[in-house]
Structure formats: C-alpha cells, structure tokens
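# Have a look; sequence and predicted model below, questions after that.
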Amino acid sequence: MPRCIPERPGFGPDRHAERDVWEALQRQLPPDAILMHSVNLDENGREREIDLLVFWPQVGIAAIEVKGGRGSYEAGRWYRQGNGTKYPLQDPVTQVQDGRHMLQRYLGAHQGLRHEGRFAHLPAFPYTSVPREWEIPGCSRSMIIAREDLGRAAEAVRGALNVFGDGEGDTGQDSLERMAAETLRELPGATEPQAEAAEHEARSDQLTRDQGRILDLLRYQKRARIIGGAGSGKTWLALEQTRRLTRQGKRGALLCYGRGLSRYFARVTGTWKAAERPAHVGMFHDLPLRWGAHHPLDPRMLTDEYYNRYLPRTL
C-alpha cells in the first residue's frame with residue numbers, strides 16, 4: 001500500500017467516483033509511492049484542483065481527474081448521462097492537463113528545472129466503459145482509466161507515464177519526496193489566513209467610491225444580484241455585506257457553490273471579530289443538511305433532482 005495523504009480522505013456523498021479510483025490505486029500502488037487526494041492549486045488567481053495525484057519513484061508523477069456518472073463524447077464535447085438526462089461536462093482532459101501543467105510550473109520554479117520529474121495526466125471514468133480502439137486528438141485510450149481498468153489502475157498510470165509523460169528530470173525516491181513535500185506546502189496565499197486577511201483589509205482600503213455606494217444602496221434592498229467579470233469585486237462585496245449585516249445584529253449565512261470559495265470564505269471570516277462573523281459559512285447544499293434535510297444512503301439517489309430541486313425546496 002502506498003503512503004496516502006490524507007490517510008483517510010473525507011469523500012463527500014457526491015465524490016464516490018473519486019473514492020473508487022482512490023481505493024483501486026491504494027490497493028495496487030507499491031509501498032514507496034505517494035497517493036494524494038484533492039490537491040488545490042492557485043496560480044495568478046486561477047484555481048485548479050487535482051482530484052488524485054500519484055508520486056511514483058522511478059516512474060513519475062501522474063495527475064488524475066475523476067468524473068462520475070456515465071460519460072460520453074459527442075461532436076467535440078463531453079457529457080454526463082444519468083436518469084435519462086444528458087448534461088454537458090467541463091472537458092476533463094483539458095481540466096487535468098491544465099492542473100498538471102500548473103503543478104509542473106510550481107515545482108519547476110521552487111525546485112529548479114533540473115529536479116523536474118516525468119509528468120502525465122489521466123482522466124478517470126470509473127462507471128463508464130471505453131472501447132479499446134477509442135481515441136480523440138489529445139486523448140489516447142491508454143490515457144484513460146475506465147470502468148474495466150479499475151483492476152489495473154496502477155498499470156494504466158505507469159503506462160501513461162512511460163508513453164505520454166514529459167520531462168526528463170530525476171524521478172528517484174529522494175527527488176519525488178522533495179516534490180511531494182513541496183506540494184504539501186500548498187501554493188503561497190492558499191493556506192495563510194493572516195496573509196489573506198491582510199490582503200482583504202488592503203482591498204477594503206482601496207475600495208472605490210462606486211463599490212462603496214453599491215453597499216450603501218443595498219441597505220434598503222432585501223435582494224440583490226451582483227454581476228461582474230473576474231476581479232471586479234463580487235467576492236469582496238459578498239464578504240463585506242455579510243459583515244455589515246452581522247454588525248447590525250442579523251444572523252446571516254454566507255453561501256456559495258464551490259468548495260474552494262467556501263474554504264476561502266471560512267478562512268477570511270475566521271479572522272473577523274466574533275461580533276462580525278456570520279452564523280453559517282459554507283456550500284449552499286450543506287445548509288439544508290445541517291438543518292435536518294434527508295440525505296439518502298444510496299449514492300444513486302444523489303441526482304441533480306436531489307441537489308437542484310429537493311434541497312432548495314427543503315431549505
């Protein structure tokens with residue numbers, strides 16, 4: 001069994017696909033390998049999450065993006081199918097490739113290019129069967145961990161690294177241990193509450209009069225919809241409005257849909273005074289569960305109908 005980080009990942013109810021691939025690799029990888037779950041990356045404000053990351057001595061480093069449900073690829077687009085409905089998916093190949101390159105750049109900058117190991121990326125579809133002859137530009141069949149590959153997931157990782165891996169640096173035990181240790185530090189700014197709080201305060205000081213006027217107008221609005229591009233201040237407005245309402249003695253909930261943003265909200269509000277902190281900070285769907293909404297034990301019941309209709313209505 002490899003060294004697992006964390007030893008027992010907290011797979012949520014919607015991440016059973018990641019659990020299945022994790023457990024397959026946990027059974028198959030050698031003891032000197034390192035298996036990581038949910039590695040968060042941040043590069044110049046762009047966030048990525050690598051679902052599973054493998055450090056394998058003498059073989060290389062593999063980033064894996066896991067997609068649950070039954071996947072399909074039609075007319076240049078990826079889809080997920082379930083309950084008779086087909087939903088578009090973010091391209092898993094581009095997604096994991098981007099995360100892998102981000103990690104390569106980070107390790108290259110911090111360890112030096114001469115320490116850069118051999119890297120590859122793989123999408124995993126643990127509930128989808130993929131024919132052996134299937135491939136598309138940018139994604140060979142041998143890069144995919146499909147349903148029929150779970151029994152040989154580690155072999156698929158080794159094959160992808162041997163055939164498609166790039167980088168000719170050291171992949172010895174010591175080198176990979178240093179890279180793993182560097183990765184565990186996480187990227188600067190991602191895990192430093194004091195630095196984030198200081199940055200938040202700096203943003204507050206630099207807030208333009210127009211942004212301040214928006215919050216002043218919202219004093220009399222029970223609902224508001226704020227629209228803007230990346231970097232326009234939406235996140236700051238949400239945090240500051242929450243703090244203002246809490247100062248007025250109101251019990252607020254600061255909610256979002258992304259895990260990364262949820263963790264960021266929790267870190268920032270955790271540095272505030274007790275009188276400024278909202279009553280609840282987290283993902284939207286966690287709140288009805290916290291208040292007693294039914295959570296089915298059968299993963300097959302965790303459908304879009306459950307998340308998009310049942311939980312909001314219950315809340």
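Structure received.

# Point out where the stretch 151-300 of the chain drops to low pLDDT.
Within the stretch 151-300 of the chain, the segments meeting pLDDT under 70 span 168-170, 185-212.

# Do you have the strands of it handy? List them.
Secondary structure of the stretch 151-300 of the chain (DSSP state E, counting those that start in this stretch): strands located at 253-256, 280-283.

# what lines up beside the first one in the sheet?
According to DSSP bridges, strand 253-256 forms sheet pairs with strand 280-283 (parallel).

# what sits up against the partner strand?
Residues external to strand 280-283 that are found in contact with it (C-beta atoms under 8 Å, 6 or more residues apart in numbering): 252-259, 262, 265-266, 269, 287, 290. Bear in mind the C-beta positions are built from the backbone N, C-alpha and C, glycine included.

# Next, give phi and psi for Trp56.
Main-chain torsions, Trp56, degrees, to the nearest 10: phi -120, psi 110.

# hmm, back to that, out of the contacts of strand 280-283, which is nearest to Thr85?
Tyr257 (19.4 Å; C-beta to C-beta).

# of all the strands of the stretch 151-300 of the chain, which lies closest to Asn83?
Nearest of the strands of the stretch 151-300 of the chain (C-beta to C-beta): strand 280-283, 22.3 Å.

# Flag every buried residue along that closest one.
Using 16 or more other C-beta atoms under 10 Å as the test for burial, strand 280-283 gives Val281, Gly282, Met283.

# for stretch 297-315, same thing?
Residues of stretch 297-315 classed as buried: Leu302, Thr303, Tyr306, Tyr310, Leu311 (neighbour count, 16+ other C-beta under 10 Å).

# dump the residue contacts of the first one.
In this structure, Leu302 makes contact with Pro13, Asp14, Pro296, judged by C-beta under 8 Å, 6+ apart.

# Please repeat the previous calculation with a cut-off of 6 Å.
Pro13, Asp14 (C-beta atoms under 6 Å, 6 or more residues apart in numbering).

# any idea how far Ile50 is from Met36?
In this view, Ile50 and Met36 are 8 Å apart by C-beta to C-beta, to the nearest Å.
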